[in-house]
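S.K.: can't give you the sequence, but here's the structure:
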């Protein structure tokens, strides 16, 4: 049996971009002592980026011992860098808990843990740590590796994958039987989602890693509601003297929920220090009635289901739900903004805004269907300071988002008219299912939301009535262009297609005219509902 060591404090494993634009890997101590000179984390996987950020935020909280309020936070912010003595003291105290292969307390794992079948150790491929890799019943969406021949991971790759599993692990699948020293044989429950799965995570991005970390620190106070409460009993998982059992429990606070042991894992390094296999099972489960939901998510309030996190929708960009992202909290509010927005409203805006008055919010999520991964996505939402400070601006955003959704529905109707006209004959009306099939195929070609995605960035910079007018006009142009693109992909007689497009175009113009605001139009003011202007 080989005894390896890979201590995350010293070993390079976190990919970063330095002040000269180079990408390299650093250990935890180097990252915190030089974070003011580093630009950002760097990883091709947005899941890995957020998982690393979440870990670093917890460590930062422990190093600065707070913040407990706005005054404390401002002191940390204006310091411009982490205190090197505090960094070294923290890592020296907990060095033995950051070793990936420690036999007793392996980092974010369970020492001596074994999954067994008929009293024989059963192992899982290390690729199971990452939801995007092909294991078990998961479809091969992101790679072409196979469970029978798993690719080995280096210590640094394994550490990052472990963070992803504990953050975004998807539920589903019968639990194995396991054993560990001093404990009886245990049959694990069916696996459930890790705390970061099933929601879009949101955080503030700044121009240095230090600034990004400090911008996302929350108040650590015992009188806050879960999941942001924290008192002297609240500790990260690696600081706890007892291990959470693989049963339902309530976290002690924010620090523990951000390091929650959602999976029981013990990686099994080979002679060269690389890892192909591990023991893997469901870990601790957060009690549903505890209030400890995802601390980085934003929520809709449903009359029947209550507070529900906004998930990543494969068919919708996150910005389309940004009225919920920037919602103003209130007694009867139907949306709850993420903590990243709420802390901005608690007094950080003046410190965090750039000279352009814009604050970048990063949104990351993993879409899944019955625990099968579908896709991941990262979106950067440029946020004007006015959107944080002025409730009326939030109402304007909501109205503008409703504008483009209404145009989309009109475009859908026009493409259906186009499909109907293409399929009808002089003697027979087309089958409705066939009309829907053709319409769906055309809607995938129209490119409406791709066009509006670019327009959204320009709209957010202005975020006023002139910007709203430009936004409406951009939506109209995207609708007319989209209908033409739909017709361009249709095969058949040119004249027939032209007649069908003309009919659908008239319907589009008529329905778009109904969406125009009711205001007087003079002879000198051309109507914005005219198809010629829109096209």
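M.R.: Sure thing, it's come through. The shown structure was predicted, so the numbers you read here are calculated from the model rather than taken from an experiment. Numbers count the residues shown, from 1 in each chain.
S.K.: Please enumerate the helices of the stretch 401-535 of the chain.
M.R.: Taking DSSP state H, counting those that start in this stretch, the helices of the stretch 401-535 of the chain run over residues 432-443, 448-462, 465-488, 494-515, 531-534.
S.K.: To residue 204, which of the ones you listed lies closest?
M.R.: helix 448-462 (15.3 Å; Cβ to Cβ). The C-beta positions use only the backbone N, C-alpha and C, and glycine is treated the same way.
S.K.: now the angle between helix 465-488 and the closest one, please.
M.R.: Interaxial angle, helix 448-462 versus helix 465-488 (axes from the mean of the first three to the mean of the last three Cα atoms, to 10 degrees): 170 degrees.
S.K.: and helix 448-462, what's its mean pLDDT?
M.R.: What helix 448-462 shows for mean pLDDT is 91.
S.K.: Which strands or helices does it pack on?
M.R.: strand 372-384, helix 391-423, helix 465-488 (3 or more Cβ pairs under 8 Å, 6 or more residues apart in numbering; DSSP states H and E).
S.K.: Including mean pLDDT and distance to residue 313, could the ones you listed go into a markdown table?
M.R.: Output for the helices and strands packed on helix 448-462, formatted as a markdown table (pLDDT from 0 to 100; distance: least, Cβ to Cβ, whole Å):
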| stretch | mean pLDDT | distance to residue 313 |
| --- | --- | --- |
| strand 372-384 | 91 | 9 |
| helix 391-423 | 92 | 13 |
| helix 465-488 | 93 | 20 |
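S.K.: Using JSON lines, lay out those together with mean neighbour count and distance to residue 167.
M.R.: Formatted as JSON lines, these follow (neighbours: other Cβ atoms under 10 Å; distance: least, Cβ to Cβ, whole Å):
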{"stretch": "strand 372-384", "mean neighbour count": "18", "distance to residue 167": "12"}
{"stretch": "helix 391-423", "mean neighbour count": "19", "distance to residue 167": "29"}
{"stretch": "helix 465-488", "mean neighbour count": "19", "distance to residue 167": "35"}
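S.K.: Format those as TSV; extra columns: distance to residue 97.
M.R.: As requested, those are arranged in TSV below (distance: least, Cβ to Cβ, whole Å):
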stretch	distance to residue 97
strand 372-384	30
helix 391-423	43
helix 465-488	51
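S.K.: looking at the ones you listed, which is closest to residue 457?
M.R.: Residue 457 lies closest to strand 372-384 among these, at 6.1 Å (Cβ to Cβ).
S.K.: Tell me which strands the closest one pairs with, and in which orientation.
M.R.: Sheet partners assigned to strand 372-384 using DSSP bridges are listed as strand 358-369 (antiparallel).
S.K.: returning to what we had before: so for residue 333, which of the helices and strands packed on helix 448-462 sits nearest?
M.R.: Shortest distance between residue 333 and these, using Cβ to Cβ, is found for helix 391-423: 11.0 Å.
S.K.: now that closest one: how far from the chain's centre is it?
M.R.: On the basis of Cα atoms, centre = their mean, to the nearest Å, helix 391-423 sits 26 Å off its chain's mean C-alpha point.
S.K.: quick one, that helix and helix 465-488 angle?
M.R.: Counting by the same axes, to 10 degrees, helix 391-423 lies at 20 degrees to helix 465-488.
S.K.: okay, the angle between helix 391-423 and helix 494-515?
M.R.: Between the axes of helix 391-423 and helix 494-515, defined by the same axes, to 10 degrees, the angle is 150 degrees.
S.K.: returning to that earlier point: would you tell me which of the helices and strands packed on helix 448-462 gets closest to residue 193?
M.R.: Nearest to residue 193, of the helices and strands packed on helix 448-462 and by Cβ to Cβ, is strand 372-384 at 11.9 Å.
S.K.: Can you name the element that comes right after the closest one?
M.R.: Per DSSP states H and E, the first helix or strand lying C-terminal to strand 372-384 is helix 385-389.
S.K.: Tell me who's in contact with residue 484.
M.R.: Residue 484 is in contact with residue 501, counting by Cβ atoms under 8 Å, 6 or more residues apart in numbering.
S.K.: From residue 73, how far out is it?
M.R.: The gap separating residue 484 from residue 73 is 52 Å, by Cβ to Cβ, to the nearest Å.
S.K.: Just the local confidence number for the spatially most distant residue from the centre of the chain, please.
M.R.: Most distant from the centre of the chain: residue 427, at 52.0 Å, with distances by Cα atoms, centre = their mean. Looking at residue 427, its pLDDT is 75.
S.K.: check contacts around it.
M.R.: With contacts defined as Cβ under 8 Å, 6+ apart, residue 427 has no neighbours.
S.K.: Domains in this protein, by residue range?
M.R.: Using automatic domain parsing, the domain ranges for the chain come out as 14-200+209-290, 299-393, 394-534.
S.K.: Using a markdown table, lay out those domains together with distance to residue 5.
M.R.: Shown next, in a markdown table, are the domains of the chain (distance: least, Cβ to Cβ, whole Å):
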| stretch | distance to residue 5 |
| --- | --- |
| domain 14-200+209-290 | 6 |
| domain 299-393 | 32 |
| domain 394-534 | 47 |
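S.K.: between those, which gets the lowest average pLDDT?
M.R.: domain 394-534 (a mean of 84).
S.K.: nearest to residue 156, of the helices of the stretch 401-535 of the chain?
M.R.: Minimum separation from residue 156 across the helices of the stretch 401-535 of the chain (Cβ to Cβ) falls at helix 448-462, 34.1 Å.
S.K.: Return the set of buried residues in that closest one.
M.R.: For helix 448-462, the neighbour count (16 or more other Cβ atoms under 10 Å) marks 448-449, 451-452, 455-456, 459-460 as buried.
S.K.: Next: stretch 426-445.
M.R.: Buried positions in stretch 426-445, judged by neighbour count with 16+ other Cβ under 10 Å: 435, 438-439, 442-443.
S.K.: Pick the one among these closest to residue 185.
M.R.: residue 443 (54.0 Å).
S.K.: how about the closest residue to the closest one other than its chain neighbours, what does it touch?
M.R.: Nearest non-adjacent residue to residue 443, counting by Cβ to Cβ, 6 or more residues apart in numbering: residue 415, 5.8 Å away. Contact analysis of residue 415 by Cβ under 8 Å, 6+ apart lists 439, 442-443, 446, 482-483, 486, 504.
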